[in-house]
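1. task: produce atomic coordinates for the following.
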Amino acid sequence: MPVVEGMFHLDTNFLVRVQVAGSAEETRYHQLVRAGEVAGISTVAWGEYLCGPVSADEEAAARYLVGDIEPLLAGDAELAAQLFNATGRRSRSFADCMIAAIALRSGARLATSNTADFTPFVPHGLSLA
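-> The predicted model follows:
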């Protein structure tokens with residue numbers, strides 16, 4: 001699916017760091033939003049975030065930041081498996097494959113602090129924010 005103009009998903013690490021005042025992620029998030037982009041997050045990244053530890057206040061702030069929480073669909077699971085196999089079956093990378101698959105289906109760019117984890121998916125259509 002082509003990237004939808006003005007949509008980005010947050011990866012778990014980005015969401016954690018965007019809540020740190022003065023962080024590069026906070027600056028980048030506000031740049032994207034000021035440019036008219038809409039934030040979202042996959043259920044996979046949201047679940048990872050909630051593993052915490054996070055306080056009730058941090059969770060409430062995160063819910064405000066992430067906007068829509070995009071579900072994992074059967075087609076996303078199939079694409080995630082394809083990405084896993086196509087990118088070297090890296091240990092502990094399947095969650096990243098699912099996050100990438102949901103962003104791809106949604107046409108969203110992915111905002112992440114761990115670009116090395118997601119760069120292998122760029123040749124498969126993922127765009128980083």
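2. where do the helices of this protein begin and end?
-> Secondary structure of the chain (DSSP state H): helices located at 12-18, 24-34, 43-50, 56-66, 74-86, 94-106, 115-118.
3. out of those, which gets nearest to Leu126?
-> With Cβ to Cβ, the closest approach to Leu126 among the helices of the chain belongs to helix 94-106: 5.0 Å. No exception for glycine: its C-beta is placed from N, CA and C like everyone else's.
4. looking at the helices of the chain, which is buried most?
-> Mean neighbours per residue, mean count of other Cβ atoms under 10 Å, is largest over the helices of the chain for helix 94-106, with a mean of 24.
5. elements contacting that one?
-> Packing partners of helix 94-106 (3 or more Cβ pairs under 8 Å, 6 or more residues apart in numbering; DSSP states H and E): strand 7-10, strand 38-42, helix 43-50, helix 74-86, strand 109-111, helix 115-118.
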